[in-house]
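> model this:
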Amino acid sequence: MTPSFGRLTLVELRKMVDTRAGFWLQLTVAAITLAAVVVVCFIADTEDLTFQNLFIVAMTPGAVLLPIIGILLVSSEWSQRTALITFTLVPRRMRVMAAKLAAGLALGVILLALSLLVAAAATLAIGGEWTLSADILGQITILVLTAMVTGIAFGALFLSSAPAIVLSFVLPLGWAALASIRFLKDAGEWLDTTRTTAPLTERALSGEEWAQLGTSMLLWLVLPLAIGLIRIARDEIRAA
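Model prediction:
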């Protein structure tokens, strides 16, 4: 009997915390998050200690590091030789991948909720200003969730943990460096994710900025994910 999509999603969500790497990575994210918020509370100017700013500080470590768990969620099926078992139990490969995406999004939402709780506790403790615009909250949500899906996309594209993790950082940073060259500056404004995502935590995006963000996501999220899904759907899976 094929498990329901909800059960598959819960299984994939559990995979992200059951492995040693996933457990320690999430523990590291939690420790860095708490440390970052505490440090900011001590060194930042009083007028900067708002709920919104503390929320941004709290969510940043997770937004940077948790996509690695998304990579491991996909690539570990091949590196640990469990893909054959997974796709034997659930032969519809795209159903499994959809469950992985849903689990990644769920983990992103959990990260956002915990970041809000940490920021709220810090704001209450220091008597900070309770300001958080709906625009910024929505944009930060997009930032975190797209980062998580990008990790899954790179995991599907490479099906190997080490190159996927390294290249998920190196390729965007390398393009950002190239985009600083004068004749590539205009292209960088549309394809450099370090530029297109930066305003998400600063202000409500304009129409052109939304277009630039969407264009960069097509290159760094949609394209790797599409290629990765095609690869997973078509490749032959061999036993260890």
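> C-alpha from now on. contacts and neighbour counts both.
OK.
> name the residues of the lengthiest helix in the chain that are buried.
As assigned by DSSP state H, the longest helix anywhere in the chain is helix 93-126. Neighbour counts over helix 93-126 (16 or more other Cα atoms under 10 Å) mark 93, 95-97, 99-108, 111-112, 114-116, 118-120, 122-123 as buried.
> ok, and the closest non-adjacent residue to residue 146?
residue 221 (7.6 Å; Cα to Cα, 6 or more residues apart in numbering).
> contact partners for that neighbour?
Listed by Cα atoms under 8 Å, 6 or more residues apart in numbering, the contact partners of residue 221 are 146, 149-150, 153.
> can you do 10 Å?
Contact partners of residue 221, counting by Cα atoms under 10 Å, 6 or more residues apart in numbering, are 146-154, 214-215.
> these two touch, right, residue 50 and residue 121?
No: in this structure residue 50 lies outside contact range of residue 121 using Cα atoms under 10 Å: 11.6 Å.
> what's the overlap in contacts for those two?
In contact with both residue 50 and residue 121: residue 127, using Cα under 10 Å, 6+ apart.
> ok, the residue positioned nearest the centre of the chain - contacts?
Centroid check for the chain by Cα atoms, centre = their mean gives residue 148 as the closest residue, at 2.2 Å. The contact partners of residue 148, taken as Cα under 10 Å, 6+ apart, are 62-71, 101, 103-108, 142, 221.
> next SSE downstream of the helix or strand hosting residue 167?
Per DSSP states H and E, residue 167 falls inside helix 161-179. Heading C-terminal from helix 161-179, the first helix or strand you meet, by DSSP H and E, is helix 185-191.
> next SSE downstream of that following helix?
Counting by DSSP H and E, what follows helix 185-191 is helix 193-196.
> buried set for that following helix?
193-196.
> give me the neighbour count for the closest residue to residue 193 other than its chain neighbours.
In space, and not counting its chain neighbours, residue 193 is closest to residue 216: 5.9 Å by Cα to Cα, 6+ apart. Residues within reach of residue 216, counting by other Cα atoms under 10 Å, total 23.
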